[in-house]
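S.K.: Got a predicted model here, sequence first, then my questions.
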Amino acid sequence: MSQHAALQAHFTPLDGTAPQPAPGRHVLGTVAFGERTALSLTGQGYPELAIPMASPGFDSFREVWTTGAEPVTGTRGGLAFAHDGEYLFISGAIEPLPVYGPTVREVYEEAFALVGELGYPHIFRMWNFVGGIISPNAEGMEIYQDFVAGRAEAFASYGDGTGHMPAATGIGTRGEGISFTLLACREGSPRHVENQRQTPAYHYPEQYGPKPPSFARATRLHPAGGEQGDGALFVSGTASILGHETVHRGDIAAQTDVVLENIAELISGPNLAAAGLDGGHELKDLRLVKVYVRHEADLPVVRERCQAAFGPDTEVMYMNVAVCRDDLLVEIEGLVPGREWTR
Ligand SMILES: C=C(O[C@@H]1C=C(C(=O)O)C=C[C@H]1O)C(=O)O
């Protein structure tokens, strides 16, 4: 496989200086987890989505996606994008609205249309940043449900032949409005993975909202011209849910343990084998972990359990934001790098 197309990511400090990619690497896109809300093409050309996620005592940082080939960048409507011949990065932002569903549908459909037009049909990872996620919209519907319904309608128009939906995160922010980032590829093939401990989110019963959420528990990217184990395994935002039910309401330690057990099971050999995939991983293999903590005071307990579970090389960032159900106190996401992932 050519080193050329390899997709990689890293965290850098959010100190105002532009990220410096390693020699031969180019920035495809960035997400700044700081104080601001903004979507722009930077002076260097690549898209940067800024999300208000930082708060005292928690982390602020930039996630930088890089590639070996020089990207082409552009904007369309509310979208900014960059693509390098194999990978496409798109970010979009929706201003605060009384009701989000129809606009989410429209903007996500625009993003899916762009994916098709530019020729990167396989979406393998999405992040959805939902301000006021568990607050009501102007009609009294929870904003997450409002968002989920619009996204489900957009996904009805998207299909790349690999089935189902990509790994995703749907998480609160410390601001308002909804924004998102997606990664898609041209020749590579994503394989979506469910968790034997959890009901697939797209099969959640109606008690959680009129439409079920459109995401897979994990996606392994099988890169173009590579072997299955060459691509990263992207782990979706994972919470203290067994089957479709929240477990250990009000108990942060027990919820954190269930989240870690859910991820351990998801990335394990037997669970991957059930999805027809090779390999197997442990929590210490995770990288670029983000931990979303609902209540500020719970951070020490969550941090202690995460430090015990992850490896010395696992980068972990903590943010103080709401999760998609009122009774979920913590959520964790990350990825297991593939063989093409070298620093
Ligand atoms: C925590 C859950 O869902 C969250 C919401 C998601 C979404 O709507 O895209 C994806 C993963 C999680 O961030 C869950 O349902 O298990």
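M.R.: Now that the structure is in, tell me what you want to look at. Numbering: from 1, shown residues only.
S.K.: Model confidence for D160, exactly?
M.R.: Here the pLDDT value assigned to D160 is 68.
S.K.: what residues does this structure put near the ligand?
M.R.: Residues of the chain found near the ligand (C-beta under 6 Å from any ligand atom) are 128, 168-171, 201, 213, 215, 236-237, 239, 241, 324, 331. C-beta coordinates here come from the backbone N, C-alpha and C atoms, glycine included.
S.K.: can you pick the most crowded of those?
M.R.: S236 (30 neighbours; other C-beta atoms under 10 Å).
S.K.: Excluding sequence neighbours, find me the nearest residue to it.
M.R.: Nearest residue to S236, sequence neighbours excluded (C-beta to C-beta, 6 or more residues apart in numbering): A167, at 4.4 Å.
S.K.: Look up the pLDDT of the one you found for me, please.
M.R.: Per-residue pLDDT puts A167 at 98.
S.K.: where along the stretch 151-300 of the chain do the strands fall?
M.R.: 167-172, 178-185, 189-193, 218-222, 233-238, 241-242, 245-246, 287-293 (DSSP state E, counting those that start in this stretch).
S.K.: okay, those strands in TSV with distance to V99 next?
M.R.: Below are these laid out as TSV (distance: least, C-beta to C-beta, whole Å):
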stretch	distance to V99
strand 167-172	18
strand 178-185	12
strand 189-193	30
strand 218-222	30
strand 233-238	24
strand 241-242	27
strand 245-246	26
strand 287-293	25
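S.K.: still on that earlier bit, among the residues of the chain next to the ligand, list the two that are farthest apart in space.
M.R.: Farthest pair in these (C-beta to C-beta) is N128 and I241. Separation: 17.2 Å.
S.K.: so where's the stretch 151-300 of the chain shaky on pLDDT?
M.R.: 160-164 (pLDDT under 70).
S.K.: C-terminal to the host helix or strand of R62, what's the next element?
M.R.: Assigned by DSSP states H and E, R62 falls within strand 61-67. Of the helices and strands lying after strand 61-67 in sequence (DSSP H and E), the nearest is strand 72-76.
S.K.: Helices along this structure, start to end?
M.R.: Along the chain, counting by DSSP state H, helices occupy 101-118, 143-155, 252-266, 269-274, 299-309.
S.K.: shouldn't F155 be in contact with M165?
M.R.: Yes. Because the distance of 6.1 Å satisfies C-beta atoms under 8 Å, F155 is recorded as touching M165.
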